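> what follows is a predicted protein model with its sequence.
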Amino acid sequence: MSSSPPSVGSKDENDRLDVVIIGNGYFEQPMQEEEAHEVFVDKVTKPELKLLQKDIESIIRPPYRQAPPRDLGNPGHGKLKADQWKTCIEFDIPVSVAQLWSRETAPPDQDRDVTARRDKVFQSIMHLAVAVRWGTSYRISEHHSQLFEEHMVAYLRLLLELYPNIQFRPNHHMALHIGPLLTQFGPVHSWWMFPFERVIGILQKVNTNSKMGKYNV
Amino acid sequence: MQGFPKDIRTARKLFDVEPTTTTYAACPACSATYRVEEGKTLHINCDWKRYPNAKPCGTKISKLVLRDGDGNRRMVRVPIRPFLIQDFDTFKASLLSRPGMEAILDRGTLFNDTEDMWDIKDGTRVKELGGPDGATFCDGLKRRELRLLWSLSIDWFNPRGNKAAGKSTSTGSIVMACLNLPPSLRYKPENLFLVGIIPGPREPSVEEVGHFIEPIVDMLDRSWRDGTKFNCTESSDCGRAERSMLVVIVTDLVASRKITGVASHSSKNFFCSLCSLAKPKINNFDRTTWPTKTRAMQKKAAEEWRDAITKKERKRLFAQTGVRWSPFWKLDYYDPTKMGAADTMHNLFLGLVQFHVREVLGIEEVQAKAEAGRPVTDKEINGAKHALATPNTKALDRVRIPVLRELCAQNGIDLGGKKKLKRSNLVQMLKVGHLLVVYGTLLTF
């Protein structure tokens, strides 16, 4: 940042400040989010989001499934846990969006192009959801690995078809490596980070005030 | 009551419940680690060189403290930034001394005869592993030696919790899990081997992190090459030998690149650690067409980087190969193309699913826009004013942008009619403006 305090108000100085700060931001986040945002045109509208939130609230789940936040979409709920994203893709999002966007449930008076496009977005969700289910199964076989890969490739192809200017993230590429890893290492529960993140949870709760306190042997 | 401990620390010592650890002094500046040995005085300054022809670091790594707990007053040199590693052999011994554990660990070396895979040992990788003698490492119960398989995970976290406000520090946890144990027992806290905590306050850089990994790699290498002999175990009174091997390194995308020394995932030519596809070709979904990476190629590049004398030369080599030296290469069996798995939790749930829900479907963003359009209340303005007046203006980072804009207008700061302004930009202008006002009032006196 510039060392001399710029005289606020003069346009030139303002411009300079602007450039410097944006420059800094660029180095911290090499992936410019704004560029990526412009690409996606099919978004859940606000009334649709209300319906989705209503669905999330009405679902009765088994106790071991962590529900996504009731007000999903409101920045106030903070970051979602990995487990909440898991629930989202395995149940909530596909079920809700199927009711909103699939060809069968679309209102008859909707523009046919819109219906076709929304149906495709829904299909992409389904491909991702199915791939995730095959990939994270606790029982793995050659078949699981193949189907994971098929659906993952189908998902990425569909995204590319819907948004030709999409900038894929390294994660999208890494996901395609998971197929062979499944046959190499077996079910993901022995090589994913959930248990190690839990250790971090334990470590974060440890008091570091140099007092002994309660001691568990 | 003679000799009854008066202090909890003495009691803990007597019960022998403390883990056995080795202490290292980590340099506060460059993270070079020095082993603290009993009876040996610690260095005062760090003498590590970043590259062979560089100047030594020279930062103070130890300080003098008074020790008089045992009635013997003396000054002792202690590390300023200690790094502790739990002793591997002692941990294995404590694991083995639990009733029934040895049988469970032995059963873990047997392969299941099922078509489907239920655990990591059913995968192809474990069956390929080689021992120091060149034979298969995990060959069932054909030998008396106990063979243990491990996974290693390194991740950085904020020990002060994940709250956005407050100081952000980053410490690393290094944890190993014994893959011989069945999944139901493997991740119980008492069965996980907490190797050490990489000290903060900041995450070590990619070139510094090796200092923390090196002692761990040495420990793993010893236990693979020489093995450990336990005097007495449940199954035999005359002792039993044991060997350990690392199977997989489990980390998120960022940490995996950092600890293995390869280029970051945002690198243009080397963003993938498992193949050499370049970023501009990321839309290629056909795995068979990707250029492959081989262990030999990677090892050669890593060694060249290590042996380069100047910073410039290292930089040139790195730009060419995307590989730096990593202590993991000290392991004879290290193979970055096979051991560095992509973590499915981060990749699928926090990566792809989050991307799809937030970016593609635009959930989260829809409401963020609505939030931005909410009218500014007096309460918010007053809160922001208060935050601005306090010396620590961190609280301003949580104020909404429209409120900041309104405050700018009230303070007579001309925003120049620009539509898009970043929060940091606005905060900066407000701070400067506020300072000018304060100086102005001071000058009038």
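Nice, thanks for sending it over.

> ok, the nearest residue to B:Glu208 once chain neighbours are set aside - contacts?
Spatial nearest neighbour of B:Glu208, excluding adjacent residues (Cβ to Cβ, 6 or more residues apart in numbering or on different chains): B:Ser31 at 3.8 Å. To be clear about C-beta, it is placed using only N, CA and C from the backbone, and glycine gets the same treatment. Residues in contact with B:Ser31 (Cβ atoms under 8 Å, 6 or more residues apart in numbering or on different chains) are B:204-205, B:208-209, B:211-212.

> now do B:Ser31, the pLDDT please.
Listed pLDDT for B:Ser31 reads 92.

> that one should be in a strand, yeah?
No: B:Ser31 sits outside any strand when classified using DSSP: H, G, I helix; E, B strand; the rest coil, being coil.

> about what we covered before: of the contacts of B:Ser31, which belong to strands?
Using DSSP state E, no member of these sits in strands.

> can you say which of those residues are buried?
The neighbour count (16 or more other Cβ atoms under 10 Å in any protein chain shown) marks B:204, B:208-209, B:211-212 as buried among those.

> quickly note the distance from B:Asp113 to chain A.
Distance of B:Asp113 to chain A, given as Cβ to the nearest Cβ, to the nearest Å: 14 Å.

> neighbours of the closest residue to chain B within chain A, how many?
Closest approach of chain A to chain B (Cβ to the nearest Cβ) occurs at A:Lys43, with a separation of 3.1 Å. For A:Lys43, the neighbour count with other Cβ atoms under 10 Å in any protein chain shown is 17.

> just to revisit the earlier point, now, which of the contacts of B:Ser31 sits nearest A:Met152?
B:Val209 (31.3 Å; Cβ to Cβ).

> who touches that closest one in this structure?
Contacts of B:Val209 were listed using Cβ under 8 Å, 6+ apart, and they are B:31, B:198, B:258-259.

> what's the separation between it and chain A?
17 Å.

> residue ranges with poor pLDDT in chain A?
A:1-39, A:212-217 (pLDDT under 70).

> remind me, longest helix of it?
Counting by DSSP state H, the longest helix found in chain A is helix A:112-135.

> show me what it packs onto, helices and strands only.
On a contact count with 3 or more Cβ pairs under 8 Å, 6 or more residues apart in numbering or on different chains; DSSP states H and E, helix A:112-135 meets helix A:93-101, helix A:142-162, helix A:170-185.

> next, the residue most central in space within chain A: secondary structure please.
Ranked by distance to the mean C-alpha position of chain A (Cα atoms, centre = their mean), the top residue is A:Trp85 at 6.7 Å. Under three-state DSSP, A:Trp85 falls in the helix class.

> is stretch A:182-192 anywhere near chain B?
Yes: under the criterion of Cβ under 8 Å from any Cβ of the partner chain, chain B is reached by stretch A:182-192 at A:183-192.

> list of residues touching that stretch?
By Cβ under 8 Å, 6+ apart, the residues outside stretch A:182-192 that reach it are A:135-140, A:142, A:144-145, A:148, A:181, B:117-125, B:151, B:179, B:183, B:186, B:247-248, B:250, B:338, B:341, B:343-345.

> swap in 6 Å and give it another go.
Stretch A:182-192 has contacts (Cβ atoms under 6 Å, 6 or more residues apart in numbering or on different chains) with A:136, A:138, A:140, A:145, B:117, B:119-120, B:122-125, B:183, B:248, B:250, B:341, B:343-345.

> and B:Phe15, how many neighbours does it have?
The burial count assigned to B:Phe15 is 11, neighbours taken as other Cβ under 10 Å.

> correction: the previous question concerned A:Arg118.
By the criterion of other Cβ under 10 Å, A:Arg118 has 19 neighbours.

> ok, the one 3 residues further on next?
Residue neighbour count, defined by other Cβ under 10 Å, stands at 24 for A:Val121.

> kindly report the same for B:Lys281.
B:Lys281 has 11 neighbouring residues, counting by other Cβ under 10 Å.

> go on, A:Phe196?
Neighbourhood size, A:Phe196 [other Cβ under 10 Å]: 25.

> go on, A:Val132?
24.

> A:Thr183 versus that one, what's the distance?
When Cβ to Cβ, to the nearest Å is applied, the distance between A:Val132 and A:Thr183 equals 17 Å.

> how close does B:Val248 get to chain A?
From B:Val248 over to chain A the distance is 5 Å, taken as Cβ to the nearest Cβ.

> tell me what that residue is bridged to.
B:Val248 has the following beta-bridge partners by DSSP bridges: B:Ser151.

> residues contacting it?
Residues near B:Val248 by Cβ under 6 Å, 6+ apart: A:191, B:151, B:339, B:341.

> again, only using 10 Å
Residues near B:Val248 by Cβ atoms under 10 Å, 6 or more residues apart in numbering or on different chains: A:181, A:184-185, A:190-191, B:120, B:123, B:125-126, B:149-153, B:177, B:179, B:338-341.

> angle of the longest helix of chain A against helix A:142-162?
Interaxial angle, helix A:112-135 versus helix A:142-162 (axes from the mean of the first three to the mean of the last three Cα atoms, to 10 degrees): 150 degrees.

> distance between helix A:112-135 and the chain's centre?
In terms of Cα atoms, centre = their mean, to the nearest Å, the centre of helix A:112-135 is set 15 Å apart from its chain centre.

> residue 157: neighbour count?
Going with chain A. Using other Cβ under 10 Å, A:Arg157 is surrounded by 14 other residues.

> not what I meant, chain B
Residues near B:Phe157, counting by other Cβ under 10 Å, number 20.

> so what sits opposite it in the bridge?
B:Thr171.

> my guess is it meets B:Val175, correct?
No: look at B:Phe157 against B:Val175 with Cβ atoms under 10 Å: they stay out of range, at 11.5 Å.

> got the phi and psi for the residue in the stretch 251-400 of chain B that chain A sits nearest to?
Of all residues in the stretch 251-400 of chain B, B:Gly362 sits closest to chain A, at 3.1 Å by Cβ to the nearest Cβ. Here is the backbone geometry of B:Gly362 (degrees, to the nearest 10): phi 70, psi 10.

> distance of it relative to A:Tyr163?
As for B:Gly362, its distance to A:Tyr163 is 12 Å (criterion: Cβ to Cβ).

> what's near enough to touch A:Asp119?
Neighbouring residues of A:Asp119 by Cβ under 10 Å, 6+ apart: A:101-106.

> so what's residue 118 up against?
All of this refers to chain A. A:Arg118 sits next to A:42, A:97, A:100-103, A:106, A:110-111 when contact means Cβ under 10 Å, 6+ apart.

> try again with chain B
So B:Trp118 contacts A:138-140, A:186-187, A:189-190, B:112, B:182-183 (Cβ under 10 Å, 6+ apart).

> can you put these in TSV and add neighbour count, secondary structure and distance to B:Lys55?
Formatted as TSV, the contacts of B:Trp118 follow (neighbours: other Cβ atoms under 10 Å in any protein chain shown; DSSP: H, G, I helix; E, B strand; the rest coil; distance: Cβ to Cβ, whole Å):
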residue	neighbour count	secondary structure	distance to B:Lys55
A:Tyr138	14	coil	54
A:Arg139	13	coil	57
A:Ile140	25	strand	53
A:Gly186	25	coil	49
A:Pro187	24	coil	51
A:His189	19	helix	49
A:Ser190	27	helix	46
B:Asn112	11	coil	57
B:Pro182	12	coil	53
B:Pro183	16	helix	51
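
> got the domain ranges for chain B?
With domains defined by automatic domain parsing, chain B comprises B:17-83, B:87-261+B:326-358, B:375-444.

> ranking these by burial, who's on top?
Across the domains of chain B, averaging neighbours per residue (mean count of other Cβ atoms under 10 Å in any protein chain shown) puts domain B:87-261+B:326-358 on top, at a mean of 18.
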